[in-house]
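> I'll drop the sequence and a predicted model, then ask my questions.
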Amino acid sequence: MDRIRVLVVDDSAVMRGIMSRIINAQPDMTVAAVASDPLVAMERLRTAPPDVIALDVEMPRMDGLQFLARLMQWRPTPVVMVSSLTAQGAETTLRALELGAVDFVAKPLLAGGREFEDYAQEVAEKLRAAAGARVGRRPGGAAAAGTPKPRQGAAGGGSRDQVIVIGASTGGVEALREVLVPLPCGMPPILVAQHMPAGFTRSFAQRLDALCQVEVKEGEDGEPLRRGHAYIAPGGRHLELCARAGKLEARLTQEPPVNRHRPSVDTLFRSAAQAAAARCIGVMLSGMGADGADAMLELRRRGARNIAQDEASCVVYGMPKQAVAAGAVHELLPLREIPSRLIELCLANG
């Protein structure tokens, strides 16, 4: 079996060495080439074409975003960004995902032992998933944004209100934008578990909020849920749905990771099955792994209506595939059809 060929692009010799060590230690991967900046990377693409690129952002002569934009027009290739855990790093990384990057991994705060092993496993898994991802040309290197309509007042939650819960991972950042932007401001509360580390979800929520008719924000512990609002699970914390005195509210916890994730889709969906049952609509978007599949089945058994993104429109058809295999999904839909279907389901149920 051919090994996955990885091009490492980073101006730091230390980081090139770390990434090469991780990649070459995998039985199914090899470093095809390394490059100290994007101009060298372009030559490496010609002489040693890779299956996936690990790309730094801040580099001399051309930054990672400029290179990514050109790459997605010239030779679309799966890219995993290597990002710093800063506010500026979060903004840059989210822009990279808009430009066509498949996923990102934070630069390590390197220690040794178990911490490095965990980091190496994360890097390998993301490169492996990205190598099999669907990428295509992005005209002009820009994502379509759209212009939000003026917002109207949204009513408070109630005992009979519906609620929508959404799970996503790799490829989910752009999939969530495609789902949320068309939704009108009168939608039921929407809770989202997107696999993303602490420090990134606030910027993510703010970027979505600038585009959407629904108001998008990070969820807060004990916050009453309101119509016309979408709540993003903060990185590093689980988001749960709970019912208190007949009203729905958000709950945040720092319980251990579930399926190696915090926030976990499984945690959100199981809480929704308990708190909302048949009043819930579950949605599974692009992502690697199986997080949330069994919990989505629990939602279905309690009367919820479940939708999953189809394989052709997924960047990584992992989580939706596992949900389908578990028998949890009522409808498998192309991404572009999910917003209108959500609207139909909400209208049908008042």
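In hand now; what should we look at? Numbering: from 1, shown residues only.
> pLDDT below threshold where in the stretch 201-350 of the chain?
Along the stretch 201-350 of the chain, the parts satisfying pLDDT under 70 run over 350.
> would you map the helices across it?
Here the stretch 201-350 of the chain has its helices, by DSSP state H, counting those that start in this stretch, at 201-211, 265-275, 293-301, 319-325, 338-348.
> closest one to residue 191 among those?
Proximity to residue 191 (Cβ to Cβ) singles out helix 265-275 among the helices of the stretch 201-350 of the chain, at 6.1 Å. All C-beta atoms are positioned from the backbone trio N, CA, C, and that covers glycine.
> now the closest one against helix 293-301, angle please.
20 degrees (axes from the mean of the first three to the mean of the last three Cα atoms, to 10 degrees).
> helices or strands up against helix 265-275?
Packing partners of helix 265-275 (3 or more Cβ pairs under 8 Å, 6 or more residues apart in numbering; DSSP states H and E): strand 163-168, strand 190-194, strand 238-244, strand 247-253, strand 280-284, helix 293-301.
> ok, 7 Å please
Judged by 3 or more Cβ pairs under 7 Å, 6 or more residues apart in numbering; DSSP states H and E, helix 265-275 is in contact with strand 163-168, strand 190-194, strand 238-244, helix 293-301.
> can you pull the buried residues of that helix?
By 16 or more other Cβ atoms under 10 Å, the buried positions in helix 265-275 come out as 265, 266, 267, 268, 269, 270, 271, 272, 273, 275.
> return the closest of those residues with respect to residue 95.
residue 265 (24.8 Å).
> could you check how far that closest one is from residue 328?
Distance from residue 265 to residue 328, counting by Cβ to Cβ, to the nearest Å: 12 Å.
> now do the same contact list for residue 80.
52, 54, 102, 103, 104, 105, 126, 127, 130 (Cβ atoms under 7 Å, 6 or more residues apart in numbering).
> which residue ranges make up each domain of this structure?
Here the domain parsing of the chain from automatic domain parsing is 4-141, 163-348.
> does residue 23 really touch residue 33, like I thought?
No - between residue 23 and residue 33 no contact is recorded; they are 11.3 Å apart, counting by Cβ atoms under 7 Å.
> compare these two (neighbour count), which wins?
Just comparing residue 23 and residue 33: by other Cβ atoms under 10 Å the higher neighbour count belongs to residue 23, 23 against 19.
> show me what the longest helix along the chain packs onto, helices and strands only.
If you go by DSSP state H, the chain has its longest helix at helix 113-131. On a contact count with 3+ Cβ pairs under 7 Å, 6+ apart, helix 113-131 meets strand 4-9, helix 13-24, strand 52-56, strand 79-83, strand 103-106.
> what values do phi and psi take at the nearest residue in space to residue 340 that is not next to it in sequence?
Computed as Cβ to Cβ, 6 or more residues apart in numbering, the closest residue to residue 340 that is not its neighbour in sequence is residue 182, at 7.4 Å. The phi/psi pair for residue 182 (degrees, to the nearest 10) reads phi -80, psi -10.
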